[in-house]
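Engineer: with the sequence up front, the predicted model follows.
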Amino acid sequence: MSDKPLSLINVSHAYGTSAVFEELSVEIERGEFVAVVGPSGCGKTTLLNLLSGFLRPTSGVINRQGTTRMVYQSDGLFPWLTVKENIALGLRHLRDEKARRAQMKDLLELIRLDGFAGHYPHQLSGGMRQRVELARALAGETDVLLMDEPFSSLDYQTRLRMRRMLVRVLTERPRTVVFVTHDIEEAAQLADRILVLSERPAHLIKELRVGVERPRDPTHPTVVSTVKTILDELGLREDARELSAVK
């Protein structure tokens, strides 16, 4: 299997006459954590849908190897199923009941919800529901996780905890990750590489490699300098200064 499970070669995409991307080329390496940031509406979610195969590009080539699973902004848990039953949906490929039970036990322990197997989604906090969603996506032998702003609906403290949880989970169960976020700090704290997209029709305006091992503190000098670089690329540095002054 290739060491680049995802790649886009001169990909363009449009909705009718509205161009989203024009000749975008990106390669994702196996085991890499790539964050995608850019202005609202620039096509970040469209990029995930192209990578997943849900959408076909207007032109260009997308190469995809292995299995992919999506984790969405709003968790996709079925409210009538328990935590255990929701996660079990990701284990349907396992025919052996003993293997399914063992995987379930490992996943519940991994997300630290082994005492909540019988709870329903409405009985859980937002962060707990996202942990269940993550466990379901990790179930089995998924090669690639495509994550669409999975923590954006959570409060800041819960987002910080979820970032630490994600780092720990990926250390134990490595995956290739493409992570769309509006949160520049989140991208700098989590990613190996950050792709900064322009306004539509989107193109790659900056590619940053964060050469610091995870876990990273939000106040780490490299995280802070990466955030500043992205703000500059997006023309938001002055806005950020004004907001800080107001606070």
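Structural biologist: Good, I have the coordinates.

Engineer: following element in sequence after the helix or strand in which R69 is found, please.
Structural biologist: Following DSSP states H and E, the helix or strand that holds R69 is strand 68-71. Heading C-terminal from strand 68-71, the first helix or strand you meet, by DSSP H and E, is helix 83-88.

Engineer: and L24, how far from L197?
Structural biologist: The span separating L24 from L197 equals 8 Å under the rule C-beta to C-beta, to the nearest Å. Quick note: C-beta positions are derived from backbone N, CA and C, even for glycine.

Engineer: tell me, what's touching these two both at once?
Structural biologist: 47, 203-204 (C-beta atoms under 8 Å, 6 or more residues apart in numbering).

Engineer: most neighbours of all those, which one?
Structural biologist: For those, neighbours were counted by other C-beta atoms under 10 Å; the highest total belongs to L47, with 27 neighbours.

Engineer: list the contacts of that residue.
Structural biologist: Contacts of L47 were listed using C-beta under 8 Å, 6+ apart, and they are 21, 24, 36, 178, 180, 197.

Engineer: repeat that for E97.
Structural biologist: For E97, counting by C-beta under 8 Å, 6+ apart, there are no contacting residues.

Engineer: re earlier: which other helices and strands contact the strand holding R69?
Structural biologist: With contacts defined as 3 or more C-beta pairs under 8 Å, 6 or more residues apart in numbering; DSSP states H and E, strand 68-71 has these neighbours: helix 44-52, helix 126-138, strand 144-148.

Engineer: now those in JSON lines, with distance to S7 and mean pLDDT?
Structural biologist: Putting the helices and strands packed on strand 68-71 into JSON lines (distance: least, C-beta to C-beta, whole Å; pLDDT from 0 to 100) gives the following:
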{"stretch": "helix 44-52", "distance to S7": "9", "mean pLDDT": "93"}
{"stretch": "helix 126-138", "distance to S7": "22", "mean pLDDT": "87"}
{"stretch": "strand 144-148", "distance to S7": "12", "mean pLDDT": "93"}
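
Engineer: with respect to V83, which of those lies nearest?
Structural biologist: When the helices and strands packed on strand 68-71 are ranked by distance to V83, counting by C-beta to C-beta, first place goes to helix 126-138 at 5.3 Å.

Engineer: ok now the closest one, how far from the chain's centre?
Structural biologist: Taking the mean of its C-alpha atoms, helix 126-138 sits 12 Å from the chain's own mean (C-alpha atoms, centre = their mean, to the nearest Å).
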